[in-house]
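Asks: need a structure here:
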Amino acid sequence: MEVDFLFSLVKLSIESEIPESLKDLVYAVASKLCYIFRIDKRKELNYLFVNIIFNKEWFTAERRFNLVSLTEADGFSKALTNIEDIKLCYCKVINLNYVDTGPFIVYKLWQNPILPRDWIYLPILSLYSKSQETPSPAIVGKHSTKIKEIATDKENTIRCSLEWILFNEICFPDLLNDIDITDRFCRIMCVFLCDNSLFLDNKIKMLLSKCTQLLFKKGIKFDFDKELVGLYNFQDFYTQFLEQFQSVSYGDHIFAACLLVPLAQRHNVKWRKLVWSEYAGCLRVLDCPEDLLCYGIEAYLYPEETDESVLKSYHRALTSNLLRPETLAYKIAHHHVESYKKQKSMSNNL
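Replies: Residues are numbered from 1 along each chain as shown. Predicted coordinates:
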């Protein structure tokens, strides 16, 4: 009853001319209804998508002002002009036009929400899930165009979802506050796992850069030891991320910046052990400009490393020429090994 009442209020607001000052409130209510609606409310959800959620008229001037920093050169301003494409992308993934024509009535279905709380990440999670399935045989001959269609559709899905995520991060950050920041970051990381090269596309790379930089501003809240929502534990997820980086990263700096986040000294030492011992193959191409880092270079240098196994891995990497001089990985290993030698020398002189 409460949901129906709220929907009626939102619908009345849409059909009436309300002042600009109330648009944010109505939009916030409509946004929450999207993940409260049950299976039997597809029609109502579609109504909200068309008339308010993806309707530029409901983005207040104050909200849109937040986009000023994103110039036309970045290409992101198209997120407003291509809002229809973004809406179609989400409708397709969510399958809003689905009609149950089965012969039986299933009483429990109506109790399930149509969308999860973090539905803006659903297209990316859907592609990530499909990428984990056993790949189908290659399509050749006259059917080879199907491969191109699938690739184009995947690129469009990732681009549209990243544009919508970024738009929400910038214009409606208050509506995302109850989605854990670590979960949001892991969903962006999924883009690198959906495909072996799409993250190198210039437009997608720009969107990934902006999405990660916004999340990095809240990086102090990252907790990689907590249980992830909607994904397997971070240990398995990060291991998969490392394998992908080792195989197809081509030294991409945004990819590297994401990989480096759990390696900061503030996080559990087990992540440093994992990278510097089991996935040392990543180190040869692991580099990133300091301005792209989540925490800044100091967070990777201090406090000095005390774990002996990690220090041995640092020393092994340096002496085996595994690291390229002047790279970030080299700076980190060299700093901690030299600091350890200095401390040991001082203690021996006492």
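
Asks: Show me what secondary structure element comes after the lowest-mean-pLDDT helix or strand in the chain.
Replies: The helix or strand of the chain with the poorest confidence is helix 78-81; it has a mean of 62 (mean pLDDT, DSSP states H and E). Remark: after helix 78-81, the chain's next helix or strand is helix 83-94, criterion DSSP states H and E.

Asks: now the helix or strand following that following helix: how far from the chain's centre is it?
Replies: Toward the C-terminus, helix 83-94 is succeeded by helix 122-131 as the next helix or strand (DSSP H and E). Centre-to-centre, helix 122-131 and its host chain are 12 Å apart (Cα atoms, centre = their mean, to the nearest Å).

Asks: Could the C-alpha coordinates of helix 122-131 be exported in CSV?
Replies: Coordinates of each C-alpha in helix 122-131 appear next as CSV, following Å, rounded to 0.1, in the frame of the first residue of the first chain:
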residue,chain,number,x,y,z
LEU,A,122,23.5,-4.4,-13.5
PRO,A,123,24.7,-4.3,-17.2
ILE,A,124,28.3,-4.6,-16.1
LEU,A,125,27.6,-7.4,-13.7
SER,A,126,25.5,-9.2,-16.4
LEU,A,127,28.4,-9.1,-18.8
TYR,A,128,30.9,-10.2,-16.1
SER,A,129,28.6,-13.1,-15.3
LYS,A,130,28.4,-14.2,-19.0
SER,A,131,32.2,-13.9,-19.3
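
Asks: And it, what's buried?
Replies: 122, 123, 124, 125, 126, 127, 128 (16 or more other Cβ atoms under 10 Å). For the C-beta atoms, the positions are set from N, CA and C on the backbone; glycine is no exception.

Asks: Which strands or helices does that helix pack on?
Replies: Counting contacts by 3 or more Cβ pairs under 8 Å, 6 or more residues apart in numbering; DSSP states H and E, helix 122-131 is packed against helix 83-94, helix 145-171, helix 181-194.

Asks: With distance to residue 34 and mean neighbour count added, can I get the ones you listed in CSV?
Replies: Putting the helices and strands packed on helix 122-131 into CSV (distance: least, Cβ to Cβ, whole Å; neighbours: other Cβ atoms under 10 Å) gives the following:
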stretch, distance to residue 34, mean neighbour count
helix 83-94, 10, 18
helix 145-171, 12, 18
helix 181-194, 17, 22
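
Asks: Nearest to residue 1 among those helices would be which one?
Replies: With Cβ to Cβ as the criterion, residue 1 lies closest to helix 83-94 of these, at 24.9 Å.

Asks: From the contact counts, what lies against the closest one?
Replies: Applying 3+ Cβ pairs under 8 Å, 6+ apart, one finds that helix 83-94 makes contact with helix 122-131, helix 145-171.

Asks: need these in TSV with mean pLDDT and distance to residue 266, can you?
Replies: Compiled in TSV, the helices and strands packed on helix 83-94 are given as follows (pLDDT from 0 to 100; distance: least, Cβ to Cβ, whole Å):
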stretch	mean pLDDT	distance to residue 266
helix 122-131	93	27
helix 145-171	90	23
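
Asks: among these, which is nearest residue 20?
Replies: For these, proximity to residue 20 was assessed by Cβ to Cβ; helix 145-171 is nearest, at 14.7 Å.

Asks: Any idea how far the closest one is from the middle of the chain?
Replies: Its chain's C-alpha centre and that of helix 145-171 lie 13 Å apart, by Cα atoms, centre = their mean.

Asks: cool, stretch 54-69 as well?
Replies: Between the centre of stretch 54-69 and the centre of its chain there are 22 Å (Cα atoms, centre = their mean).

Asks: what are the ranges of the helices in the stretch 251-350 of the chain?
Replies: 253-260, 269-273, 298-301, 308-319, 328-348 (DSSP state H, counting those that start in this stretch).

Asks: Redo those as TSV? Include mean pLDDT, mean neighbour count and distance to residue 167.
Replies: As requested, the helices of the stretch 251-350 of the chain are exported to TSV (pLDDT from 0 to 100; neighbours: other Cβ atoms under 10 Å; distance: least, Cβ to Cβ, whole Å):
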stretch	mean pLDDT	mean neighbour count	distance to residue 167
helix 253-260	98	23	19
helix 269-273	98	17	31
helix 298-301	98	17	29
helix 308-319	96	16	40
helix 328-348	91	16	31
